[in-house]
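Engineer: here's my sequence, what's the structure:
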Amino acid sequence: FRLETFAGAELRRFYNNTPGTYGLSTLATFKINEIGRNYQSNVYTGLSYIISFKKSNQLSIGLTRNYGLTNIGYGNFRAPTTNSTFRTGYHSVTNSSGLRLHYSYNMEKMGGRENTQKVPEITGKRRKAVFIEALGSGGLFSANYDMRFKPDQNDGWGFRVGVGIGEDLPVEVYKQREYFGYYADRYLTIPLNINYIIGERRSGFETGITLTPELTNRKLENDPQVKLWTFLNAGYRFQAIKKGLLIRAAWTPGLVNKSFAPLWAGVSLGYSFK
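Structural biologist: Below you'll find the predicted structure:
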């Protein structure tokens, strides 16, 4: 028996986007306007009690709490009755609490084969990686260096630093500089990240936080020359045990000043080594 804490994030798509009317017409009618968007982001966390039996079977029972980060719409709630009519607004945020029941089966010994994975070689060297990221916490595009803090581990704490390009500079077209026939004046980005990986082998779950300054030497009329983005990241990471391919895909909601970008995400491709 053991306890497990868990957390994660979801991006939901709603298909029913039409207005509806509900209730008994003789008593009251509830008219719900159509929702304003199809997508909603959520985060969840919880605590489970895990029971293992017959070696390959595992059952977890726990409590979970879900927090809706974005509304899927806002509208009017109208309820006419025989004597009066009232009208009010509503926000459709899906906050919820519930009971989580999860069953899993270990397939390593199916077919009479035993797990013959080799014990990783102990070298005392820290695992490193270089990769390029499209979108994500580096802005539009970034090149990055990543390293684990503990030697000979794919999991645990690590850091990342990089350089990239970010948002368009808010300047008129005739003032922009031309690069290879394109107008592409953008902020310079420097993503600085602390991350934690769950999973000792090639596949793992990566989560972390990134501070990304955006810089420019251009003098802007109504915008700052330096901005600071804060990104959270949660996603999948594939990294070779010794050296080889690195693949990342993550949800990276970002915050700058009072603006929040909940649907931002990024993908990465690179090379891992010691």
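Engineer: ok but S137 is inside a helix, no?
Structural biologist: Yes - under DSSP: H, G, I helix; E, B strand; the rest coil, S137 sits within a helix.
Engineer: and for it, the neighbour number?
Structural biologist: With neighbours defined by other CB atoms under 10 Å, the count for S137 comes to 31. Every residue, glycine included, has its C-beta placed from N, CA and C.
Engineer: what's the distance between it and S97?
Structural biologist: Counting by CB to CB, to the nearest Å, the separation of S137 from S97 is 30 Å.
Engineer: domain assignment for this protein?
Structural biologist: Residue ranges for the domains of the chain, per automatic domain parsing: 2-105, 128-273.
Engineer: would JSON lines of those with distance to I122 and mean pLDDT be doable?
Structural biologist: Listed next are those as JSON lines, based on distance: least, CB to CB, whole Å; pLDDT from 0 to 100:
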{"stretch": "domain 2-105", "distance to I122": "28", "mean pLDDT": "66"}
{"stretch": "domain 128-273", "distance to I122": "6", "mean pLDDT": "85"}
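Engineer: buried deepest among these, which one?
Structural biologist: domain 128-273 (a mean of 16; mean count of other CB atoms under 10 Å).
Engineer: first-to-last residue distance for it?
Structural biologist: With CA to CA, to the nearest Å as the measure, domain 128-273 spans 5 Å from end to end.
Engineer: helix or strand: which one has T207?
Structural biologist: In this structure, T207 sits in strand 203-215 according to DSSP states H and E.
Engineer: which residue, other than its chain neighbours, is closest to Y49?
Structural biologist: With CB to CB, 6 or more residues apart in numbering as the measure, I61 is the residue that lies nearest to Y49, at 5.3 Å, once sequence neighbours are left out.
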